[in-house]
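> I would like to see how this sequence folds:
(6 chains)
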There are 6 protein chains.
Amino acid sequence: MNPFEYDRTQPHQFGGVLPTPRTFAESAAVILPLPFDRTTSYGQGTKHGPRELLLASSQVELWDEELGIDVHARGMFTAPEMDLSAHGLDDAMEVIGTVAGTLLDAGKFLVTLGGEHSITSPIVGAVAARHPRVSVLQIDAHSDLRDSYLDERHSHACAMRRSLDHAPLVQVGIRNMSEEEAIALPGLRTTIFYDWNMRDDAQWIDKAVAALSDTVYITIDLDGLEPGLMPAVGTPEPGGLSWRELTTLLRRTFETRRVVACDVVELCPIPGLASPNFIAARLVYKLLTYQFGCTSRT
Amino acid sequence: MNPFEYDRTQPHQFGGVLPTPRTFAESAAVILPLPFDRTTSYGQGTKHGPRELLLASSQVELWDEELGIDVHARGMFTAPEMDLSAHGLDDAMEVIGTVAGTLLDAGKFLVTLGGEHSITSPIVGAVAARHPRVSVLQIDAHSDLRDSYLDERHSHACAMRRSLDHAPLVQVGIRNMSEEEAIALPGLRTTIFYDWNMRDDAQWIDKAVAALSDTVYITIDLDGLEPGLMPAVGTPEPGGLSWRELTTLLRRTFETRRVVACDVVELCPIPGLASPNFIAARLVYKLLTYQFGCTSRT
Amino acid sequence: MNPFEYDRTQPHQFGGVLPTPRTFAESAAVILPLPFDRTTSYGQGTKHGPRELLLASSQVELWDEELGIDVHARGMFTAPEMDLSAHGLDDAMEVIGTVAGTLLDAGKFLVTLGGEHSITSPIVGAVAARHPRVSVLQIDAHSDLRDSYLDERHSHACAMRRSLDHAPLVQVGIRNMSEEEAIALPGLRTTIFYDWNMRDDAQWIDKAVAALSDTVYITIDLDGLEPGLMPAVGTPEPGGLSWRELTTLLRRTFETRRVVACDVVELCPIPGLASPNFIAARLVYKLLTYQFGCTSRT
Amino acid sequence: MNPFEYDRTQPHQFGGVLPTPRTFAESAAVILPLPFDRTTSYGQGTKHGPRELLLASSQVELWDEELGIDVHARGMFTAPEMDLSAHGLDDAMEVIGTVAGTLLDAGKFLVTLGGEHSITSPIVGAVAARHPRVSVLQIDAHSDLRDSYLDERHSHACAMRRSLDHAPLVQVGIRNMSEEEAIALPGLRTTIFYDWNMRDDAQWIDKAVAALSDTVYITIDLDGLEPGLMPAVGTPEPGGLSWRELTTLLRRTFETRRVVACDVVELCPIPGLASPNFIAARLVYKLLTYQFGCTSRT
Amino acid sequence: MNPFEYDRTQPHQFGGVLPTPRTFAESAAVILPLPFDRTTSYGQGTKHGPRELLLASSQVELWDEELGIDVHARGMFTAPEMDLSAHGLDDAMEVIGTVAGTLLDAGKFLVTLGGEHSITSPIVGAVAARHPRVSVLQIDAHSDLRDSYLDERHSHACAMRRSLDHAPLVQVGIRNMSEEEAIALPGLRTTIFYDWNMRDDAQWIDKAVAALSDTVYITIDLDGLEPGLMPAVGTPEPGGLSWRELTTLLRRTFETRRVVACDVVELCPIPGLASPNFIAARLVYKLLTYQFGCTSRT
Amino acid sequence: MNPFEYDRTQPHQFGGVLPTPRTFAESAAVILPLPFDRTTSYGQGTKHGPRELLLASSQVELWDEELGIDVHARGMFTAPEMDLSAHGLDDAMEVIGTVAGTLLDAGKFLVTLGGEHSITSPIVGAVAARHPRVSVLQIDAHSDLRDSYLDERHSHACAMRRSLDHAPLVQVGIRNMSEEEAIALPGLRTTIFYDWNMRDDAQWIDKAVAALSDTVYITIDLDGLEPGLMPAVGTPEPGGLSWRELTTLLRRTFETRRVVACDVVELCPIPGLASPNFIAARLVYKLLTYQFGCTSRT
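I've put the predicted structure just below:
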């Protein structure tokens, strides 16, 4: 007898035990847990974000009442967590880019779960190498446009400046920026929708989508959401997108653009408070549902 | 000397020590704590919801600034907590129905505090036996319309399907449903206002009220609220009603319908976080204030 | 039908629902919850100590494996919580003394649950009025012998100085004392067993008991225990009695002295940490078991 | 060598280590930490509010993306925490008034960090002594207009009634009031914008500002915000201002009135939940930015 | 390129990423995570015990300074978590027994991680079927000898009564027992070392070992330890074994008996408190080290 | 008027507001808060250790009941927290050594509060430069003798190997060590008292002291204590010194050796759990009391 012929829990598989399981080859989407975090303490920080998100994901309902569809049978394969703890920072960035590229080449819709925001730029690099006209939709409280931070060009505070090396940006919900970044802005290929005034234009969501090219990468720093809804982030900022604003923006993007990959980063679980983990898991499934359920494209 | 002729705290009385205390006979309303929860661990889960809600309720201001009234002298008697831990599930449902019926027969406005949502159906059954044309207003993230769940027809996931055996539903704020439920929907006596699109119709609150019959039972699963405001629930879902939406909907219902009983369920207290307990207590008092303060009826 | 003819939970009854329930008249012991605490914040402090202890007490096994006896049928009636929030401090002390006296006159073995340590002195006063030769066994990290503290003679820091007005003390586990107290010591009717050196004498437990008169009142400030075991106190102090030391000391006291009343004070529950509440509940039941189960007296 | 010629952390300096440090004399603004709280338990309550706010403030970005300005070089000097633990209540009120007056006389823009709301009235008194026509803008869930509470006229529940002795009020976001206060209202110099209906008037923010005189004192009780965003308060109330409503109201006030001082009170930190501390710190910096960045005045 | 040719984290592998990895076939020991828990709430209870223990285990040092040995290269293969959530209780017991038997037949030293204590009896059954003269060493606060509990014969409160059907017991650290169990004791094949008096005999550890037969199964309910050290259990009981007592007892057992399998159960993680998870992980590695490092046998 | 002529709280002064305040020049001892921690997340880790220890220290009683003395008037000046966040690791080590040297040259008894254990070696270096025959007494669960860790020679895992460059060691309570360290041991100038067997020799404390030279530096990693007493450390290990063992060892050391400086490191505060912070503060004051109160030296 095979000693493991018993039912196995799958705490690190997105969605848990699924009614229609799919192999890697059969899956249209791949979830890549990337708990990259240079802090070393046990039990804290973004390095536990992917695990808690995946653990919570087994509670997410597969049916989406908005689109009237259950997309999970398209296949959403959860790759094993990458372990970059033994890599230097430059080396880690390179490995991330290589793995992302391999998954893109395999035709997968890639959803990466952070970890720190610094993981975004090598993935954008891999995407841009394959889709040169890609643009990036960034939901975030922080512009992350510093050129370097504490002498480090791959800091999370520079995540989007590094991404700019590969593709132009549309940044939504921004409400925190340094003077250095503000001064550099005119020379950068970015369009910013500031949280403090973007809603003054009733068409702001349409305009944000219009600023994107046909092919899009989406990066969602969870601190882009309202901190009441999402307190489990490193630096919560008041203001931010409501769930309704976020899902409306995402849906319009998926309906009118070709989204090739996305990431959800900076979940920093709070012991004893399960709510943010659920919400992040629901957001990931919403991305998958929009990807496979929004069929009309420009 | 009577050894208990000292001031006594009343931690489990709604509102704590009240300026105008009322006996059971004098009270127009009865608060029934029903900490029904089939889990067994100490210190967790919905079984502590009623106690924490009652403990917090002593901080709620009796005067309501919206209606300009203090209704507590109408009497809001808190019954002792029901202890169903020694009952099987079917038996528990029957006892709940019997107790609810007795209180309704005594002419009380019944406000039950859960506990799991499964307590709703026997109460609706008791109401419907006395008010055959009653309809149910449900505030909830989940439709709870499964016919059975893990072979159990009285699971909380089936709470409203069982209630449908007794009365039609108007379900508001729904944002989580299984495919099985979606398929069954056309044959069910329910009108659903989905969270994702109900606000697209500026008259949605009026329409929800219009869908109710003259006599109404209200069930509020606290996960129907925004999870930022109410994280203390078993499965928080992003989206949900704001406090203003909820109170507007409730006020219009009480102004134009005859509400005979209601429940507030699924409070799952989070150690160290008092805010959700206060909010749930305030909601219960708002229900009582609307009941006794909204006098014009259709 | 009596609307409350259902099983009722008894969260504030010591031991919960008991197999052999007893009325006040039938009960040999009375548990008096006295959540006296002059702080006003919600959800914190010793004022929640009695409630959490009583809530945890339903998990305590009634059978005592040490004495091979179950004493609960002797009756351990839980009185309603005293509410002294509207009383001034002097007035509160007087009310406590009166209530304690009434219960003693009724022949009850009184176990008071604090609340702050300041509740002890009026009880000792009531005991001494009835048993003039009583002495007090105090388990505590702090001597609490200040004559006044911040101009207040009924502060918890003066609890035992006030008790000294009524009876001599034997203080065990002391490891925190002010210079003012140290200077006053020679003139006070107290025998101190300091935590730092009491174990140097292998007979220390016998000597502590020997220092007591025939009739004894016991006051246990939970910070007398090791803080690893009992962190839920206002000012945890390293050192302290182990469970084994405490129970050995108590058992010998009950075996050789007549204990007329006792208190367990300063439980300050920590949200999310159930262990200290259990331990305090178990201690209370141990007191009752020793009282009714240790039959041989000097 | 001066033994302290090393880099020093400044955990209790607003903003932490600043690029352009300023002395008291050079600073246009003074931050006064005033952890006044009559409760005595360790580690809980509003007395830790100032410290946690200051600790979190080092993460606040100095550049304000709304006004496009960094005001910190105007000088925001953090005074040492006042220690009023040895003062009686009346005496404490007097000391607060004296200190506030001294700072106002020194020409400083004073931002006081509470602590309980009771600190507001002596500061308003000091302001009114120097600006007799000052009016007060209060953001709060509670009207705090009781004349006395538990025989105490300086309770936090009376904070604004005492302030009324010095200046008229405009109260915004009120959603909790006693009948006693409601009855007294017609005779009081206050204009209330109730949370439940203020938004029914689309111009409510302009009207609130219009009700203020030319010179303004601002007091922000953090429970005026939505409790989802700001659960770290003593009595959270559902409803409340969103961040956008609050900042819009504040900006219009600073643009059209002369604000001479303000306070942010009632932060009651929740262990393990950093988000409210950040948000309060960000609010304080927003006040400073508006003060020094909004140049056009009526 | 194989898309998973990157370093992978192994959060659910005992010891994490090991210097000398071993396949199932190569491994002398198998760690079987068995998160069996009939409660259903998210984020609480013993069902998260195995995961947290495994997560913490990556911090355990492989070298054992007591025996001067590193045993991990003997192979300690972590099987996938068993998922019994879809099984009835009787069925679950049967599956557990079958899986345990298969692993024993494969010659593995089996260390099962609970989950509830009810998992022990089917494993003991599987062991006894292969080693008829096995006896059980149980470390526990509770005797768990009830014949049934709430009509259920496989409750955790009956765990050891069911095990008695298969093998005699030596129970150590017992300090909680019902009268029903005490009465049944004389007829049961068990030797109890009560916590309250076992240390009165300086040779108690030798005597406990002497009471065991040559072949031994060890079950460790973590509540057998001191609750200060191990508060993360369902019902903490004061008293209990110190780490030194536990390891001395275990080492002598491994030195003089043939241990064929063991389990560590009832870890109930406390959010925000990592210490108990570490300690449980260290205990598991101590079991493995003793098994492979204590070579002299009777 | 000096605007700061009000009572000021001193949350970061050891002991808080002291009856006999002392300037730096007047103080025999200096407390140096050194929150060195290379992790970057807000609100977690050892970088908050010094603050929480100092905050708790205001509750520590100044009178020591063991020696019958109050030493605070000898002066225990708290230096400002060092901020090394902008320094590289090698640079930070150098700055620490320079500051420590300056304080030693000023004749101060230096008590450094960590922060990570890596701060110890530069301080030992500064001590050894002034006292060439100094030896180090280390209380710790981990030997910290790796030569490098992740290519870093100043990691906390190498703290004592680096210290060995300056002085021989006596290591007490060790219960975690790598094979690499075990192999290197014979060549190192260290005497280890292993936790698992040191108590087998009833004279172990005397022998540990005897292994020290006349001049001693003491470093206490708080994980050397029992983890039940001190769970607030990065990697809790079962076993460890009790409070009594630790204080006995320290007292004998101070009585018979010349202690020139010490440190207490690795306090990693747990939100909501105050007990470890108190215990660490009490330990620091015990060090000061022994230093100034134990007068007889060899």
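> Point me to the residue of chain A nearest chain C.
residue A:272 (6.0 Å; CB to the nearest CB). Using the backbone N, CA and C atoms, a C-beta is placed for each residue, glycine as well.
> Tell me where the stretch 1-150 of chain A has helices.
A:49-57, A:89-105, A:120-130 (DSSP state H, counting those that start in this stretch).
> what's the span of stretch A:73-84 from first residue to last?
Stretch A:73-84 has an end-to-end distance of 31 Å (CA to CA, to the nearest Å).
> whoops, stretch A:68-87 was the one
44 Å.
> So that stretch, near chain B or not?
Yes: counting by CB under 8 Å from any CB of the partner chain, chain B is contacted by stretch A:68-87 at A:68, A:70.
> how about that stretch, does it get close to chain E?
Yes: Stretch A:68-87 is in contact with chain E by CB under 8 Å from any CB, via A:79-87.
> hang on, the earlier thing: tell me which of the helices of the stretch 1-150 of chain A sits nearest to residue B:23.
Nearest to residue B:23, of all the helices of the stretch 1-150 of chain A, is helix A:49-57, at 47.0 Å by CB to CB.
> now the angle from the closest one to helix E:49-57?
For helix A:49-57 against helix E:49-57, the angle by axes from the mean of the first three to the mean of the last three CA atoms, to 10 degrees is 180 degrees.
> contacting residues around the residue nearest to residue A:87 when sequence neighbours are not counted?
Leaving aside its sequence neighbours, residue A:87 sits nearest to residue A:95 (CB to CB, 6 or more residues apart in numbering or on different chains; 6.3 Å). By CB atoms under 8 Å, 6 or more residues apart in numbering or on different chains, the contact set of residue A:95 is A:82, A:84, A:87, E:6.
> roughly how far apart are residue A:95 and chain B?
33 Å (CB to the nearest CB, to the nearest Å).
> deepest of the helices of the stretch 1-150 of chain A, which one?
helix A:49-57 (a mean of 26; mean count of other CB atoms under 10 Å in any protein chain shown).
> Output that helix as PDB - backbone C-alpha positions only.
Only the C-alpha atoms of helix A:49-57 are listed here, as PDB (Å, rounded to 0.1, in the frame of the first residue of the first chain):
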ATOM      1  CA  GLY A  49       2.000  36.700   3.900                       C
ATOM      2  CA  PRO A  50       1.800  34.000   1.200                       C
ATOM      3  CA  ARG A  51       1.200  31.200   3.700                       C
ATOM      4  CA  GLU A  52      -1.600  33.000   5.500                       C
ATOM      5  CA  LEU A  53      -3.200  34.100   2.300                       C
ATOM      6  CA  LEU A  54      -3.100  30.500   1.000                       C
ATOM      7  CA  LEU A  55      -4.400  29.100   4.300                       C
ATOM      8  CA  ALA A  56      -7.300  31.600   4.200                       C
ATOM      9  CA  SER A  57      -8.000  30.900   0.500                       C
END
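> hmm, that helix touching chain B?
No: taking CB under 8 Å from any CB as the criterion, helix A:49-57 and chain B are apart, separated by no less than 9.2 Å.
> Check whether that helix comes near chain E.
Yes: Helix A:49-57 lies within reach of chain E by CB under 8 Å from any CB, at A:51, A:56.
> Over to stretch A:114-122?
No: judged by CB under 8 Å from any CB, stretch A:114-122 stays clear of chain E, getting no closer than 11.4 Å.
> Could you export that stretch as CSV, CA atoms only?
Written as CSV, here are the backbone C-alpha positions of stretch A:114-122 (Å, rounded to 0.1, in the frame of the first residue of the first chain):
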residue,chain,number,x,y,z
GLY,A,114,4.6,38.7,-1.9
GLY,A,115,6.5,39.3,0.2
GLU,A,116,8.0,42.7,-0.3
HIS,A,117,7.2,45.0,-3.2
SER,A,118,10.8,44.7,-4.5
ILE,A,119,9.8,41.4,-6.2
THR,A,120,7.8,43.3,-8.7
SER,A,121,10.6,44.8,-10.9
PRO,A,122,12.2,41.5,-12.0
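> Got phi/psi on residue A:280?
Backbone dihedrals for residue A:280, given as degrees, to the nearest 10, come out at phi -60, psi -40.
> Verify the stated contact: it with residue A:267.
Yes: counting by CB atoms under 8 Å, residue A:267 is a contact partner of residue A:280 at 5.0 Å.
> shaky segments in the stretch 1-150 of chain A?
Residues of the stretch 1-150 of chain A meeting the criterion pLDDT under 70: A:1, A:3, A:39-44.
> interface residues of it facing chain E?
Proximity of the stretch 1-150 of chain A to chain E (CB under 8 Å from any CB) is limited to residues A:1, A:3-4, A:6-12, A:17, A:24, A:30, A:35, A:42-43, A:51, A:56, A:59, A:79-87, A:95, A:99, A:102-103, A:106.
> Of all residues in chain A, which one is closest to chain D?
Per CB to the nearest CB, residue A:228 is where chain A lies closest to chain D, at 3.3 Å.
> got the residue ranges for the strands in the stretch 101-250 of chain A?
Assigned by DSSP state E, counting those that start in this stretch, the stretch 101-250 of chain A shows strands spanning A:109-114, A:135-139, A:169-174, A:190-194, A:215-221.
> now the ones you listed in JSON lines, with distance to residue F:243 and mean neighbour count?
Listed next are these as JSON lines, based on distance: least, CB to CB, whole Å; neighbours: other CB atoms under 10 Å in any protein chain shown:
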{"stretch": "strand A:109-114", "distance to residue F:243": "43", "mean neighbour count": "26"}
{"stretch": "strand A:135-139", "distance to residue F:243": "51", "mean neighbour count": "25"}
{"stretch": "strand A:169-174", "distance to residue F:243": "51", "mean neighbour count": "26"}
{"stretch": "strand A:190-194", "distance to residue F:243": "56", "mean neighbour count": "20"}
{"stretch": "strand A:215-221", "distance to residue F:243": "46", "mean neighbour count": "25"}
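> May I see those strands organised as CSV, with distance to residue E:179 added?
CSV is the format used below for the strands of the stretch 101-250 of chain A (distance: least, CB to CB, whole Å):
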stretch, distance to residue E:179
strand A:109-114, 53
strand A:135-139, 62
strand A:169-174, 64
strand A:190-194, 70
strand A:215-221, 59
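> How about the residues of chain A by chain B?
Selection of chain A residues close to chain B by CB under 8 Å from any CB yields A:59, A:61-63, A:65-66, A:68, A:70, A:226, A:228-230, A:243-244, A:247, A:272-275, A:278-279, A:282-283.
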